[in-house]
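Peer 1: pasting the structure only:
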């Protein structure tokens, strides 16, 4: 039952990233009035929204690492490769978010609703494709 509650909670509140972008108020027009073009005008919105989301994530992860005393697991053999892959994944995710913001701004009135639905659909399909093993020629799911 707890797992179902977590799924429902994340499903309902997972769109808050888009809500932060959609209801950013005068931030994009203000950026454009200061000389930013349609592509770069979204950067202040993402800086604000992602920074606000980072704070509770950092605090909670730090709390768990301290409580369970698992900080040392970051320093085992091979952790450099894992950290590099994690950084690459974060940069790719950020690039996707920035591209979504640019596209949503350029589309106009319905950019945030249609754009976010398309962005999430592509994210789900791409992750399903990757996890299924099709990229490496496997036909069975990757497993747990």
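Peer 2: Nice, thanks for sending it over. Remember, predicted model here, so these are calculated numbers, not experimental data.
Peer 1: quick one: average confidence on the helix or strand containing residue 4?
Peer 2: Element membership of residue 4 [criterion: DSSP states H and E] is helix 2-13. Predicted confidence along helix 2-13 averages 87 (mean pLDDT).
Peer 1: so what's residue 74 up against?
Peer 2: The contact partners of residue 74, taken as C-beta atoms under 8 Å, 6 or more residues apart in numbering, are residue 83. C-betas here are computed from N, CA, C, even on glycine.
Peer 1: and the end-to-end length of stretch 9-18?
Peer 2: Distance between the boundary residues of stretch 9-18 (C-alpha to C-alpha, to the nearest Å) amounts to 16 Å.
Peer 1: Next, the buried residues of that stretch.
Peer 2: By neighbour count on 16 or more other C-beta atoms under 10 Å, the buried set for stretch 9-18 is 17, 18.
Peer 1: distance of the residue nearest the centre of the chain from residue 76?
Peer 2: For the chain, the residue lying nearest the average C-alpha position, counting by C-alpha atoms, centre = their mean, turns out to be residue 93 (5.5 Å). Computed with C-beta to C-beta, to the nearest Å, the distance linking residue 93 and residue 76 is 25 Å.
Peer 1: again, but for residue 61
Peer 2: Taken as C-beta to C-beta, the spacing of residue 61 relative to residue 76 amounts to 18 Å.
Peer 1: now swap in residue 5 and tell me
Peer 2: Note on residue 5: its distance to residue 76, by C-beta to C-beta, is 33 Å.
Peer 1: ok, now which ones touch residue 108?
Peer 2: Taking C-beta under 8 Å, 6+ apart as the definition of contact, residue 108 has no neighbours.
Peer 1: quick revisit: and after the strand or helix carrying the residue nearest to the centre of the chain, which helix or strand comes next?
Peer 2: Residue 93 belongs to helix 79-107 when assigned by DSSP H and E. Remark: after helix 79-107, the chain's next helix or strand is helix 111-132, criterion DSSP H and E.
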